[in-house]
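> I'll drop the sequence and a predicted model, then ask my questions.
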Amino acid sequence: MEQSSAVVLTSPTIRTINSLQTELAERLDESGNVPIDGTAVDRVDTAGLQLLAAFIRDLRAEQRAVEWVGCSDALRKAATALGLEGALSLPGTVVPAGTPN
Amino acid sequence: MDLDLAQFHASFFEESFEALDGMEAALLGLDVGAPDPERVNGIFRVAHSIKGGAGMFGFKDVASFTHTLETLLDELRSGRMAVTRDISDKLLVSVDVMRAMLTSVQRKEAVDMQKVADLQFDLEMIVAQGGGQAAAAPAAAPAAAPAPAAASAPAAAVPAAAAGVGRWSIEFRALPELLLRGNDPIAIFASLAELGKLTVTANMEAVPRLRSIDAERCYLKWTLELESDCAREQVDAAFEWAAVDCELAIARVDAGAAAPTSEAPAASAAATADGGSPAAAGAAPAASATAAAATTHADGGAHAVAAGATAQPVAQANSGAAPASKPTESKEAAKGGGEHSSIRVSIEKIDELINTVGELVITQAMLSELGRKLDGSLAEQFRSGLNQLERNMRELQESVMRVRMLPISFTFSRFPRMVRDLAQRLGKQIELKMTGEQTELDKTVLEKIGDPLVHLVRNSIDHGIESPEARVKAGKSPTGIVHLDACHRGGHIAVEIRDDGNGLDKNRILDKARSRGLVGANDVLSDEQVHELIFMPGFSTAEKTTDVSGRGVGMDVVRRNVKELGGEIEIASELGKGSRFIITLPLTLAIVDGQSVSVGSETYIVPLTSIIESLQLQPQSVNRLSGRGEVFSFRGEYLPIVRLHELFGIEPRATALHEGLIVVAEGDGRRIGLFVDELLGQQQVVIKSMEANYGPIDGVAGATILGDGSVALILDLSGLIRVATRSARAA
């Protein structure tokens, strides 16, 4: 299966959340795993992470997964702060046993 | 598509201004040299929250300035820099600048960037130069680790003192609006992480599928465990900006196994709420589901901060640990949300409620009137029911009125700063004492009394209190005292501004008045009459005009403002010992004590505070003056007679003056005789706005509905005198 292009995150915050939602919804309609590039994330908030977590959960429900191309410090710190690092399957995160992936 | 955040600006500004007031009060109470770490933390949190909100809403200048301020505050709270007098002064100026910036942004006006940039530069310089000036007692510093930025890992900063001592279990569920209002749990959790080791577990159960999610709303729920022996207030403070937008349950849980502390004598797993109510016991099963020996402290017990906190079982997040190892939440429902339970309601909604209650009072009065006319066996029962209704109505009305009441501390809170600044500028030593700050009065009265009070306090500082040298020479302490006091006095509020300064110089006032021709060369005036002179427009005995006071604009305006509120101002002063200014104000502007008078078939209400006396005139005591119409002599003064029936175009029952009555009334410092048919009775009436229901009418302050359902106009004496003067001149 051909690898689709990565979803590039820059500033997933409440100000830009609606366009990110549209993009992620389109990716859900596709098939296969979804690569996400979080290298350039300099600013992120709860709305942004909640949406990403919902997206990843929906992917998992379809036996698909996210493939992180990279993850900035800001993204990782925010995810840790919210206790969402597992839900986001960030690279280097130990996912508890029993969590579908 | 970008979200329009403008709809949330109003609450951001409102909360920011409130927070700045708190920050200013905290700064004024800051002990230079040995500041209370929690106070510094509180000040930091205000700057941090405003920065967050400003950034979120795109107010870049505010965000940039608060960022610099926050950097300095971070240095202070970490103990890397000591709080000096200079820094404390700069921080106070920063509060002013932030207020001014926020006001400009709110009004969509240009911000005075030069002032901002200057101060920002000063703050940066302090930080740059202050690196080496560690606080004298670093051990007292709250946390040695650098404060994390909003998105930093929360577990990074762990004060050593927190290790394994107390444990807090927090259940936090964001209400949908939380994010839209500019609150971000990331920042909240970062604040908590500063108190100790924080473990965050998210619960995504309520998050809808991606396609149906409203992405601007928050659906997440968190279980937080904080290892810290911090005070309950510190935990609460982290949530203070989000309190109305979340469901929150905070419980202190012992980390130790079998040794309950003396604070929790009941060595069981049950949550012992400090209220000890049955509802609190309902939380016990939840608490007992925690580790077997978990004990909820009686003191820091289970408090539900936001009303409506839920106590549903906590499901673990998909990233979480085993559920059994987590404490579940407990709550204290009976406490009705704990000490922080309050809601922000717009003043319009409250006024609407007051208005409806006013209508009910009128309806009840109409029924009472009807009840009096009824006969028969059921009439007595009916009247007894009406009496009960009347009592309930009075209670309801008082309760509703109380909603609009605020403690006078809202106005008093500006004075510590003002007195400090003025004293510094004038080279005086002044101690401000405030008592009765919790005395409550109507919000509108409170807002309008602020300026007159400021003027009086400025006067006391500038003219009253002498320089330290002069005071010592007069055998006084070099430090002068300005005392602000508020108390209830017979259905009114009395606010007193007292100083132990030089008092009013009767001779100087008289000389000045004589030189201006206000008083005849040979007139002998009582002390009271002399004091009255300072209320004359443009009167000032100040030798030099300062930017503080003495421009001669003032006491007349103070009196006018107080009068407009239906209040009075009195002076008592003794040369060399000090002055007292006593302002008496009505508790509310929504109800007025009135005298009903009848003119023809109409009834009018004259506010009792305006009435001096009522009398019957004999025809021979009335004179006619050209340009002033009819006048009569009243205590050595000729007062114009205003025939209300002529003014309002009504057919009167009496046209000859001796057939009716004259009500001598006062407005704006002038007196008139109102000619009416008869006096009816005195009663409290609910004021209905003319402006809102009809339109402004000169001489009419409002209207009310009487017990028989008819409408009566409430007279505004100041306006009435203006109208009458115009009519007399025209005639």
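The structure has been received and is ready for your questions.
> any idea how far A:Thr80 is from the residue of chain A found nearest chain B?
Nearest residue of chain A to chain B: A:Gly86, at 2.4 Å (Cβ to the nearest Cβ). Backbone N, C-alpha and C define where each C-beta goes, glycine included. A:Gly86 sits at a distance of 10 Å from A:Thr80 (criterion: Cβ to Cβ, to the nearest Å).
> cool, and B:Ser88?
Relative to A:Thr80, and taking Cβ to Cβ, B:Ser88 is found at 36 Å.
> Neighbour count: those two, which is higher?
Set B:Ser88 next to A:Thr80 and count neighbours by other Cβ atoms under 10 Å in any protein chain shown: A:Thr80 wins out with 22 against 17.
> element containing the more buried one?
Of the helices and strands defined by DSSP states H and E, A:Thr80 is found in helix A:73-81.
> residues contacting the closest residue to B:Leu484 other than its chain neighbours?
Nearest non-adjacent residue to B:Leu484, counting by Cβ to Cβ, 6 or more residues apart in numbering or on different chains: B:Met434, 4.7 Å away. B:Met434 makes contact with B:409, B:412, B:415-416, B:483-485, according to Cβ atoms under 8 Å, 6 or more residues apart in numbering or on different chains.
> which among those end up buried?
Among the contacts of B:Met434, those scoring as buried are B:409, B:412, B:415-416, B:483-485 (criterion: 16 or more other Cβ atoms under 10 Å in any protein chain shown).
> Give me the subset of those residues lying in strands.
B:483-485 (DSSP state E).
> Among the residues you listed, which one sits closest to chain A?
Once Cβ to the nearest Cβ is applied, the member of these that ends up nearest chain A is B:Leu484, at 44.4 Å.
> Report the beta-bridge partners for that closest one.
B:Met434, B:Ile497 (DSSP bridges).
> ok, which residues in chain A are in contact with chain B?
A:14-21, A:24-25, A:28, A:44-47, A:50-51, A:53-55, A:57-58, A:74, A:77-78, A:80-87, A:95-96, A:99 (Cβ under 8 Å from any Cβ of the partner chain).
> Please pick the buried ones from the residues you listed.
A:14-18, A:20-21, A:24, A:28, A:44-47, A:50-51, A:53-55, A:57-58, A:74, A:77-78, A:80-87.
> Hey, what's the angle from the longest helix along chain A to helix A:73-81? Just curious.
When chain A is parsed with DSSP state H, its longest helix is helix A:46-61. Put simply, helix A:46-61 runs at 80 degrees to helix A:73-81, going by axes from the mean of the first three to the mean of the last three Cα atoms, to 10 degrees.
> Give me the mean pLDDT for helix A:46-61.
Regarding helix A:46-61, the rounded mean pLDDT is 93.
> contacts for the very next helix or strand once past that helix?
Downstream of helix A:46-61, the first helix or strand assigned by DSSP H and E is strand A:66-71. Here strand A:66-71 makes contact (Cβ under 8 Å, 6+ apart) with A:6, A:33-39, A:41, A:55-56, A:59, A:88-91.
> In stretch B:638-656, which residues are buried?
B:639-648, B:650, B:652, B:654.
> Tell me which residues are up against that stretch.
B:597-602, B:604, B:617, B:619, B:622-623, B:625, B:628-633, B:657, B:659-660, B:662, B:664, B:671-677, B:699, B:720-721, B:723-725, B:727-728.
> Any idea what the residue lying closest to B:Phe634 once chain neighbours are set aside is bridged to?
The spatial neighbour of B:Phe634 that comes closest, neighbours along the chain excluded (Cβ to Cβ, 6+ apart), is B:Val664 at 6.0 Å. Judged by DSSP bridges, the bridge partners of B:Val664 are B:Glu613, B:Gly673.
> residue contacts, B:Val664?
B:611-615, B:634, B:639, B:671-674.
> ok, 7 Å please
B:612-613, B:615, B:634, B:639, B:671, B:673 (Cβ atoms under 7 Å, 6 or more residues apart in numbering or on different chains).
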